[in-house]
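> structure for the following, please:
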Amino acid sequence: MSRALFIGRFQPFHNAHLADIMKILKEADEVIIAIGSSQEKNTLENPFSYNERKQMITDVFKKNKIKNYKIYPVPDLYNDKKWTEHIKKNLPIHDYVYSGNLWTLRCFKKFDSKIKKIKLIKGISSTIIRDNILKNKSWKKLVPKEIAGYIEKINGVERIKKIYSMK
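Numbers count the residues shown, from 1 in each chain. Got it, this is the predicted structure:
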């Protein structure tokens, strides 16, 4: 059985993440979702908690009938070696590491992991989504509808605006 590790912060999970997962699952039997910066919440770059992000992903996977996955928290350790070792020690063994983040890929390449860079989809990123929310621009089309509904349910739009107003 082949297993892939997909690392991201998912602030929030969006359509490009879902497309990446669907592609990964064509190459691997199971995907391990590592939610980075898991200890962060209510900050500019990390407005959603680990549990909120986990719920977002679970809701989307349920709707899309994706069953062969597991989700794990991965805290920031501010040390490349310790962070990579933490993942290797605490998450299931995996055959490949997928990410769109060059720093993440460099960390794993240093430690002899097989890496695969995901192709970023122009115009879709969590940063763009948060920025669009902040500026009252269209953002819902960039996320699965389960995510848009969940963000509204937890008052995520108001939270992002409040966080940005305090900076």
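
> quick one: low-confidence parts of the chain?
Low-confidence regions of the chain, defined here as pLDDT under 70, cover residues 167.

> can you map out the strands along it?
Remark: strands assigned in the chain by DSSP state E are 3-8, 30-36, 69-74, 96-99, 115-117.

> excluding chain neighbours, give the residue nearest to residue 102 in space.
Sequence neighbours aside, residue 117 is the residue nearest to residue 102 in space, at 7.8 Å (criterion: Cβ to Cβ, 6 or more residues apart in numbering). From N, CA and C alone the C-beta is placed, and that goes for glycine too.

> one more: residue 111?
Residue 111 sits nearest to residue 84 (Cβ to Cβ, 6+ apart), 5.1 Å away.

> so the one you found sits against residue 112, correct?
No. Proximity of residue 84 to residue 112 does not meet the contact threshold set by Cβ atoms under 8 Å, at 10.3 Å.

> so who does the closest residue to residue 106 other than its chain neighbours touch?
Of all residues not flanking residue 106 in the chain, residue 80 sits nearest, at 7.9 Å (Cβ to Cβ, 6+ apart). Each residue near residue 80 by Cβ atoms under 8 Å, 6 or more residues apart in numbering is listed here: 106-107, 110.

> mind putting the strands of the chain in TSV, mean neighbour count and distance to residue 89 included?
TSV is the format used below for these (neighbours: other Cβ atoms under 10 Å; distance: least, Cβ to Cβ, whole Å):
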stretch	mean neighbour count	distance to residue 89
strand 3-8	24	13
strand 30-36	23	13
strand 69-74	17	11
strand 96-99	22	15
strand 115-117	15	18
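
> if we can go back for a sec, residue 84 and residue 112: who's more crowded?
Set side by side, residue 84 and residue 112 show more neighbours around residue 84, with 20 against 7, by other Cβ atoms under 10 Å.

> centre-most residue in the chain?
When the chain is reduced to its mean C-alpha position, the nearest residue by Cα atoms, centre = their mean turns out to be residue 10, at 2.9 Å.

> nearest residue to that residue other than its sequence neighbours?
Across the structure, with Cβ to Cβ, 6+ apart as the measure, the residue nearest residue 10 apart from its sequence neighbours is residue 53 (4.8 Å).

> count of neighbours near that neighbour?
Residue 53 - counted by other Cβ under 10 Å - has 28 other residues nearby.

> thinking again about what came up before, thought the residue nearest to residue 102 was touching residue 106?
No. Counting by Cβ under 8 Å, no contact exists between residue 117 and residue 106, whose distance comes to 10.7 Å.

> residue contacts, residue 146?
Residue 146 sits in contact with 56, 59-60, 63, where contact means Cβ under 8 Å, 6+ apart.
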